[in-house]
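Colleague: Okay, predicted coordinates and the sequence, questions at the end:
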Amino acid sequence: MTATRPPLLEVEHVTMRFGGLFAVNDLSFSAARKQITAVIGPNGAGKTTLFNCITGFYKPQVGRMALHHDDGPVLLERLDDHRIASRARVARTFQNIRLFARMSVLENLIVAQHQDLMKASAFSLAGLLGLARYHKAEKKALERARYWLDKVGLLDHADDEAGSLPYGSQRRLEIARAMCTDPVLLCLDEPAAGLNPRESHELNGLLTGIRDEHGIGLLLIEHDMSVVMGISDWVVVLDYGRKIAEDTPERVRRDPAVIRAYLGEEENEDLPPEVARDVEEDS
C-alpha cells in the first residue's frame, strides 16, 4: 500500500472456502481513504466472493476485515449483513442491476435513505403526527436525492420509472442510490459491465469525482481494463483466490505473474516478445 494514504479497509488473512474449494485463500491487502482500489483477476479468481465477505453476504472462516472510522475500527466479520451497511457505512452495487424498476428514479433514492427517515419518524409516529423533526429529515433526504441525480445526469428523469431508463443510466442510478446512504466505503461490482466506450468514459469521470469531491474510498471489481487503468490508484490482483500482485496500475500491467494469470501461461513459458520488452523496460 502506498505510504501517503492511511488505510481505510484492512483485509488480513481472509479465507473463504466452499467444501474443499478455496474461493479466497489467505488474502491480505489494504484500501486507502480517498483512493480507488481495483481488485482484478481472471474469472473464478475470487473477486465477488471477497466482496460478499466484506459486505456481509458471507462470513469468512478465517481472517479479519477492519474498516477504520474516526472513532475506531469496525470489524466487518463480526457484524450481520444489514449492520455493515448501517453501522460500518459500507455501500455496494452489483454486477446485475438491482433497482426498484417500477418505482420512479427519485423514489429509488429516497428508499435508499429509509433508515434515517424511519429514525426521524420515530418508526412512523412522528410522521403520522406531522412533527417538525420528520419534515426536516424528509427535506434533507429529498435534497440529497436531487443532488445525486444531478451528479449522475438524471435530474430531468426524476419522475420516470427506473426500469424505463437506458442500461447505462440505470448503472449510474445504482451508484447514486448507493451514495445516498452516505458511505465511507463504496464497493462496485463490475460497474462498467455492458457499457459502451462513451458510457465507460462517463463512468470514469463519475467515480473519480466521487473520490475527489467526497473523499471516500472506492473498492472496484472490473474486467474493463480501460476503466481500471484509467482511474485506479492501487490494484490488487487475484488468481485462484490468492493475491499474486499488488501495486500501482502501471506496474501491475507489466507484472509477469499478472500477465501469465490472464494469458493462462505456465510459469516456465516465455512471455510474448512485446510483453517481455515492456517488463524489461520497467525493471
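Modeller: Looks like it came in fine. Numbers count the residues shown, from 1 in each chain.
Colleague: Going by C-alpha atoms from here, please, whenever you check contacts or count neighbours.
Modeller: OK.
Colleague: Can you show me the helices along the stretch 151-283 of the chain?
Modeller: 167-179, 197-214, 225-231, 249-252, 256-263, 273-282 (DSSP state H, counting those that start in this stretch).
Colleague: Just say which of those helices is most tucked in.
Modeller: Neighbour counts (mean count of other CA atoms under 10 Å) averaged over each of those peak at helix 167-179, with a mean of 23.
Colleague: Now do that helix, average pLDDT.
Modeller: Helix 167-179 carries an average pLDDT of 96.
Colleague: quick one: it to helix 197-214, angle?
Modeller: 20 degrees (axes from the mean of the first three to the mean of the last three CA atoms, to 10 degrees).
Colleague: State the mean pLDDT of stretch 196-213.
Modeller: Mean pLDDT, stretch 196-213: 95.
Colleague: mind saving the C-alpha coords of it as CSV?
Modeller: Extracted C-alpha coordinates of stretch 196-213, given in CSV (Å, rounded to 0.1, in the frame of the first residue of the first chain):
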residue,chain,number,x,y,z
ASN,A,196,-20.2,1.2,-24.5
PRO,A,197,-16.9,3.2,-24.7
ARG,A,198,-18.7,6.6,-24.2
GLU,A,199,-20.6,5.4,-21.2
SER,A,200,-17.4,3.9,-19.7
HIS,A,201,-15.7,7.2,-20.1
GLU,A,202,-18.6,9.0,-18.3
LEU,A,203,-18.3,6.3,-15.6
ASN,A,204,-14.6,7.1,-15.1
GLY,A,205,-15.5,10.8,-14.6
LEU,A,206,-18.2,10.0,-12.1
LEU,A,207,-16.1,7.7,-10.0
THR,A,208,-13.1,9.9,-9.9
GLY,A,209,-15.4,12.8,-9.0
ILE,A,210,-16.8,10.8,-6.1
ARG,A,211,-13.3,10.1,-4.9
ASP,A,212,-12.0,13.7,-5.2
GLU,A,213,-15.1,15.6,-4.1
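Colleague: I figured residue 48 was touching residue 189, is that so?
Modeller: Yes - between residue 48 and residue 189 there is a contact under CA atoms under 8 Å: 7.3 Å.
Colleague: hmm, back to that, columns distance to residue 22 on top of the helices of the stretch 151-283 of the chain, output as a markdown table?
Modeller: Listed next are the helices of the stretch 151-283 of the chain as a markdown table, based on distance: least, CA to CA, whole Å:
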| stretch | distance to residue 22 |
| --- | --- |
| helix 167-179 | 30 |
| helix 197-214 | 31 |
| helix 225-231 | 26 |
| helix 249-252 | 24 |
| helix 256-263 | 17 |
| helix 273-282 | 30 |
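Colleague: Give me the common contacts of residue 48 and residue 189.
Modeller: Common contact partners of residue 48 and residue 189 (CA atoms under 8 Å, 6 or more residues apart in numbering): residue 221.
Colleague: Quick one: residues contacting the residue nearest the centre of the chain.
Modeller: In the chain, the residue lying closest to the centroid (CA atoms, centre = their mean) is residue 187, at 1.6 Å. Contacts for residue 187 (CA under 8 Å, 6+ apart) come out as 51, 90, 91, 92, 93, 218, 219, 220.
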